[in-house]
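*Asks:* here is my input, please return the structure:
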Amino acid sequence: MEHSNFIHLHVHSQYSLLDGAIRFDEACDLAKKYRMSALALTDHGNMFGAIEFYQTAIKHGIKPIVGCEVYVAPGSRFEKKTGDGTEGVYHLTLLVKNKIGYFNLIKLVSLAHLEGFYYKPRVDKELLSQNHEGLIALSGCLKGESLPMPAVGR
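*Replies:* You can find the predicted model right below:
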C-alpha cells in the first residue's frame, strides 16, 4: 500500500483531559484509513498512555511516535506566580527520536510534576537544556512562546 505524505505529529488522546477524547484503536484505524505510516501521541503534560499507545500502534502496523506537549514556565519552574496576568505557561511539543530521548522525556515530565507543578506540571528552560538529547521540539502550538520578529529594512 502506498502511504500518504502526511502524518499527525500532534495528537491528544483520552489522557489529555478536556482536550482529547480519541482512543488508541480508533486513532490507529483512522491513520490506516488515510494511509498514514506513523502517528504521534502528544498528550498535555503527561505520558500516561505512552506504552498503551505504542503497543496499539504496533498491533495496527503504524509506527508509533511517542511525545508530550509540555508546559514551559516563563521563568524558573520553582516560581509559584505568574505576575503578568497571563496563564503563565507556554506549550512546547516534544517528540522522542531515540531511546535516550525517551528517557529524557520521562525525566522532564516527572520533574515537571515533582518540582514545577503550579496549576499544571511545568518544566523550564534549564531543565530543557539539561535533558534535550534525543528529542525533537515542535513550536507550532498557538500557546507556544512568541519570539520577537527581527526588524527588516529599518
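*Asks:* show me how far the lengthiest helix in the chain is from its chain's centre.
*Replies:* Identified as the longest helix of the chain according to DSSP state H is helix 99-114. Helix 99-114 sits 11 Å away from the centroid of its parent chain (Cα atoms, centre = their mean, to the nearest Å).
*Asks:* residue 137 looks like it's in a strand, true?
*Replies:* Yes. Counting by DSSP: H, G, I helix; E, B strand; the rest coil, residue 137 is part of a strand.
*Asks:* can you mark which positions in the longest strand belonging to the chain are buried?
*Replies:* In the chain, assigned by DSSP state E, the strand with the most residues is strand 63-72. The neighbour-count check on strand 63-72 (16 or more other Cβ atoms under 10 Å) flags 64, 65, 66, 67, 68, 69, 70, 71, 72 as buried. C-beta: built from backbone N, CA, C; applies to glycine.
*Asks:* quick one, the longest helix of the chain and strand 63-72 angle?
*Replies:* 40 degrees (axes from the mean of the first three to the mean of the last three Cα atoms, to 10 degrees).
*Asks:* which secondary structure elements does helix 99-114 contact?
*Replies:* In terms of contacts (3 or more Cβ pairs under 8 Å, 6 or more residues apart in numbering; DSSP states H and E), helix 99-114 is packed against strand 63-72, strand 90-96, strand 122-123, helix 125-130, strand 135-138.
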